[in-house]
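Peer 1: dropping a prediction and its sequence here:
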Amino acid sequence: MKLAKSLLFITSASLLSGCIVVANPSHANHHIQQELVLDAAQLTAFDVEAGAGSLVISGSDHVSTITVVADIYTEKRNTENYELTLTDAGNSAFLVAKINSSHGFWQGDSPHIDIKVTIPSHMMLKVEDGSGAASISDIYGSVEVKDGSGELTIKGINGSLDITDGSGSLYVSEIVGNVVIVDGSGKMELSDIDGNVDIDDGSGSIVAKDISGSAHFEDGSGDLTVRKVDGMITIDDGSGDIDVEQAGGLKIIDSGSGGLRVKKVTGSFEIES
């Protein structure tokens, strides 16, 4: 009987101890702001590796430097637990902005770095982003983005655009160049594309309009709405409604399940299955 009471006490104490850990989460309550500046007069490419936090990259014709303003949110007891560097090598610049570790239970936001970057608009851009909203605008060179999660907005690109996106809404507009997108989940909106479009989408609705070239859609699930495509539209669809209006041609490889509406196709129109 005494043994049973002892075991009960130990078990209760262990459970209580576990509750204490959950009830006392960590806080990202230490804020630091840093600014980094790099001469970019001789540079042609910019690579970004960002972890958790928002990311804003804007191109400008009126600057010859790369300027980074970073708002860093960490714990007071671990204020150096991040990496923030801006360097150059050859013709390229490199920005790294990430928290080294943020495991545990957090009250409010976990440690992260919010970044605002201004670069000369002529630079080619390559971005690898972890989580958080991201925005890229006014770049007159090719852009390649690998995004983990969070809303992604890209606007005003004069060059090819290549996106690999995990999850979160995706908005792409005012692109002069071909667009290739591989998307996991989340809604997608594309407009004003002067070039060809190639989309491989897992789930989520797609709205695409005002495309001067051809458009190819391989869509898992979610409604697909396409408007004003000058070239041929090719669709391989899993599930969801398909709505196409004003196209230079239309080929549906597989319409999957869902409704189909087609209007104002001036060229060939073919449905394989």
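Peer 2: Yes, it's here. Numbering: from 1, shown residues only.

Peer 1: what's the first-to-last distance across stretch 76-92?
Peer 2: 35 Å (C-alpha to C-alpha, to the nearest Å).

Peer 1: quick one: residues in contact with stretch 244-258.
Peer 2: 214, 223, 226-242, 260-273 (C-beta atoms under 8 Å, 6 or more residues apart in numbering). Every residue, glycine included, has its C-beta placed from N, CA and C.

Peer 1: how distant is stretch 148-157 from the center of its chain?
Peer 2: 5 Å (C-alpha atoms, centre = their mean, to the nearest Å).

Peer 1: again, but for stretch 66-77
Peer 2: For stretch 66-77, the distance to the chain centre is 21 Å (C-alpha atoms, centre = their mean).

Peer 1: same check on stretch 220-228?
Peer 2: Using C-alpha atoms, centre = their mean, the offset of stretch 220-228 from its chain centre is 20 Å.

Peer 1: then stretch 247-265?
Peer 2: Here stretch 247-265 shows a centroid-to-chain-centroid distance of 28 Å under the convention C-alpha atoms, centre = their mean.

Peer 1: can you list the buried residues in that stretch?
Peer 2: Ala247, Gly248, Gly249, Leu250, Lys251, Ile252, Ser255, Gly256, Gly258, Val262, Val265 (16 or more other C-beta atoms under 10 Å).

Peer 1: now, which of these sits nearest Asn196?
Peer 2: Gly248 (12.0 Å; C-beta to C-beta).

Peer 1: ok, residues contacting the helix or strand encompassing Ile32?
Peer 2: Assessed by DSSP states H and E, Ile32 sits inside strand 30-39. Residues outside strand 30-39 that contact it (C-beta under 8 Å, 6+ apart) are 64-76, 79, 84-88, 93, 95.

Peer 1: cool, stretch 79-87 as well?
Peer 2: 30, 32, 34, 36-38, 66, 68, 70, 72, 74-75, 93-102, 111, 113.

Peer 1: recalculate using a threshold of 7 Å.
Peer 2: Outside of stretch 79-87, the residues within contact range by C-beta atoms under 7 Å, 6 or more residues apart in numbering are 30, 34, 36, 38, 66, 68, 70, 72, 74, 93-101, 111, 113.

Peer 1: please indicate which of these are buried?
Peer 2: Here, 16+ other C-beta under 10 Å leaves 36, 38, 66, 68, 70, 72, 74, 93-99, 111, 113 buried among those.

Peer 1: from the residues you listed, which land in strands?
Peer 2: Taking DSSP state E as the definition of strands, the buried ones among the contacts of stretch 79-87 contribute 36, 38, 66, 68, 70, 72, 74, 93-99, 113.

Peer 1: sort these by pLDDT and name the bottom one.
Peer 2: Lowest-confidence member of those: Thr74, scoring 86 (pLDDT).

Peer 1: my guess is that one contacts His112. True?
Peer 2: No - counting by C-beta atoms under 7 Å, His112 is not a contact partner of Thr74; they are 8.8 Å apart.

Peer 1: tell me the bridge partners for Val172.
Peer 2: Ile154, Leu190 (DSSP bridges).

Peer 1: Glu49 versus Thr85, what's the distance?
Peer 2: 10 Å (C-beta to C-beta, to the nearest Å).

Peer 1: shared neighbours of these two, anything?
Peer 2: The contact lists of Thr85 and Glu49 share Val96, where a contact means C-beta under 7 Å, 6+ apart.

Peer 1: between the two, who's got more neighbours?
Peer 2: With neighbours defined as other C-beta atoms under 10 Å, Thr85 and Glu49 compare such that Glu49 has more, 17 against 11.

Peer 1: the helix or strand where that one lies packs against which elements?
Peer 2: Taking DSSP H and E as the criterion, Glu49 maps to strand 45-52. The elements that strand 45-52 packs onto, with contact taken as 3 or more C-beta pairs under 7 Å, 6 or more residues apart in numbering; DSSP states H and E, are strand 92-99, strand 112-120, strand 124-131.

Peer 1: so which residues make contact with the last one?
Peer 2: Contacting residues not belonging to strand 124-131 are listed as 44-52, 55, 57, 136, 139, 141-150 [C-beta under 7 Å, 6+ apart].
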